[in-house]
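In: here is a sequence with its predicted model. Questions after.
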Amino acid sequence: MSVPYITSRLLYGIPLMLGVTFISFLLMVHFGPDKTYELIGKNPTEEQINEVRQSLGYDQPFLLRYGNYVKELLTLDLGLSDSSGEPVSSILIKTLPISLALVLPGFVLGNLLGMALGLLAAWYRGKWLDKLVMSASVVGMSVSFLVIIISLQILLCTPYGLNLFPVRGWQVHGLGSYFYYVTVPTLALVLVTLGYNTRFYRAIMADEIERDHIRTLRAYGAGPAELLFKHVLKNSLIPVLTRIMFSVPFVVVSGSLLLESYFGIPGIGLVTFNAITSGDQPILKAVVGLTGVLFVLALTINDMLYSVVDPRVSKS
């Protein structure tokens, strides 16, 4: 991967970053709730109203407010939480590692199992094993995330089932306690994403298996392991990387939102859920803005990885 190519990808990401932050600014700041009347008493004078609006920056020009918003995101100077008075950046720095530790095992396992089942179904395309895997995927896709969580909780966390894991909480002090608390959320995330992952990976693997060079290798006696892992999977890495990289921002925020709010895990998902219910605007503004920035960064990194997987990309 050449330096000019990396530079071009980074420069390509700047307009996207500006576009995403501009949209989030419009939604969360410019057209967001006006906090003026929350900070003043009853029957305020015009002078008091103007004073508060000036302190909040509402009197500033549109572009200046947008520039300040971008500066806040870049410097992580995101203000104070309306609920706790704690700096928003401190809250996010404290909760983000918990969310990553929570969703990362399920995210990795869900994709690895989806790739394995996708390869298996594609290799036996049209046969009973392919139909079985695809039918199970459709069933998995039709089941609600909440139903999966409740079912696993009853089965694994209560006296009505095996009663092996905690119902709620996150008292992690070491590797043993980490596995104790992360097992059920991980299983839930794997089960809810496995059907979608399997169908996606099966589609791209089946298309690759039908290519002429794969048929030629198969005719010359290449074994299934060599074909699937050395050729089919390798040649499918660009769509695989695209799916994985584009899923990261949504899994970190959306996936952790339900898991953390249900299991009472103090990560960024629970913080976001509480901010939604309490109307904590600084936290919501920060989460929406940083999620957009994370999405653009994932897109930029994804473009760079393309040239690693296929050097022809950087020459085009």
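Out: On my side now, so go ahead.

In: so where's the stretch 201-316 of the chain shaky on pLDDT?
Out: Filtered on pLDDT under 70, the stretch 201-316 of the chain yields the residue ranges 254, 310-316.

In: quick one: low-confidence parts of the stretch 1-150 of the chain?
Out: Using pLDDT under 70, the flagged stretches of the stretch 1-150 of the chain are 1-12.

In: for Leu152, give me its contacts.
Out: Contact analysis of Leu152 by Cβ atoms under 8 Å, 6 or more residues apart in numbering lists Val184, Leu187, Ala188, Leu191. Every C-beta, even on glycine, is put in place using the N, C-alpha and C of the backbone.

In: inside helices: which ones of those residues?
Out: Val184, Leu187, Ala188, Leu191 (DSSP state H).

In: so which strand or helix has the closest residue to the second one other than its chain neighbours?
Out: With sequence-adjacent residues excluded and distances taken as Cβ to Cβ, 6 or more residues apart in numbering, Leu187 is closest to Leu152, at 5.6 Å. Following DSSP states H and E, one finds Leu152 within helix 145-157.

In: most remote residue from this protein's center?
Out: Ranking residues of the chain by C-alpha distance from their mean position (Cα atoms, centre = their mean) puts Thr45 at the top, at 46.2 Å.

In: so Gln153 touches Arg168, yeah?
Out: No - applying Cβ atoms under 8 Å as the test, Gln153 and Arg168 come out as separate, 9.0 Å apart.

In: who has more neighbours out of those two?
Out: The neighbour count for Gln153 versus Arg168, taken as other Cβ atoms under 10 Å, is higher for Gln153 (21 against 11).

In: show me how the protein divides into domains.
Out: Residue ranges for the domains of the chain, per automatic domain parsing: 1-75+281-316, 100-279.

In: deepest of those, which one?
Out: Across these, averaging neighbours per residue (mean count of other Cβ atoms under 10 Å) puts domain 100-279 on top, at a mean of 17.

In: that older thread, now, which of the ones in helices among the contacts of Leu152 sits nearest Thr75?
Out: Thr75 has its nearest neighbour among the ones in helices among the contacts of Leu152 in Ala188, at 36.1 Å by Cβ to Cβ.

In: I figured the closest one hits Gly106, correct?
Out: Yes - using Cβ under 8 Å, Ala188 is in contact with Gly106, at 7.3 Å.

In: now Gly32. Nearest residue, chain neighbours left out?
Out: Nearest to Gly32 is Gln281, by Cβ to Cβ, 6+ apart, at 6.4 Å.

In: looks like the one you found contacts Asp34 (just checking).
Out: No - here Gln281 does not reach Asp34: they are 10.2 Å apart, not a contact under Cβ under 8 Å.

In: before we move on, which element is the closest residue to Asp77 other than its chain neighbours in?
Out: If the residues on either side of it in the chain are set aside, Asp77 comes closest to Ser89, at 6.8 Å by Cβ to Cβ, 6+ apart. Using DSSP H and E, Ser89 maps to helix 88-123.

In: which strands and helices sit next to that helix?
Out: Applying 3 or more Cβ pairs under 8 Å, 6 or more residues apart in numbering; DSSP states H and E, we find helix 88-123 packed against helix 128-142, helix 175-209, helix 237-250, helix 256-263, helix 268-278, helix 281-309.

In: now do the contacts for Leu92.
Out: Leu76, Leu78, Ile268, Val271, Ala286, Val287, Leu290.

In: that one and Leu109: what is the separation?
Out: According to Cβ to Cβ, to the nearest Å, Leu92 and Leu109 sit 26 Å apart.

In: over to Asp212?
Out: Using Cβ to Cβ, Asp212 is found at 34 Å from Leu109.

In: try Asn50
Out: In terms of Cβ to Cβ, Asn50 sits 56 Å off from Leu109.

In: how far away is Val52 from Thr45?
Out: On the measure of Cβ to Cβ, Val52 and Thr45 end up 11 Å apart.

In: please apply the same query to Pro166.
Out: 55 Å.

In: kindly report the same for Leu109.
Out: Taking Cβ to Cβ, one finds Leu109 at 61 Å from Thr45.

In: got it, and Tyr124?
Out: To Thr45, Tyr124 is 77 Å away according to Cβ to Cβ.

In: and if you look at His231?
Out: 76 Å.

In: and if you look at Leu237?
Out: In this view, Leu237 and Thr45 are 65 Å apart by Cβ to Cβ.

In: and if you look at Ala222?
Out: Applying Cβ to Cβ, the value for Ala222 to Thr45 is 84 Å.
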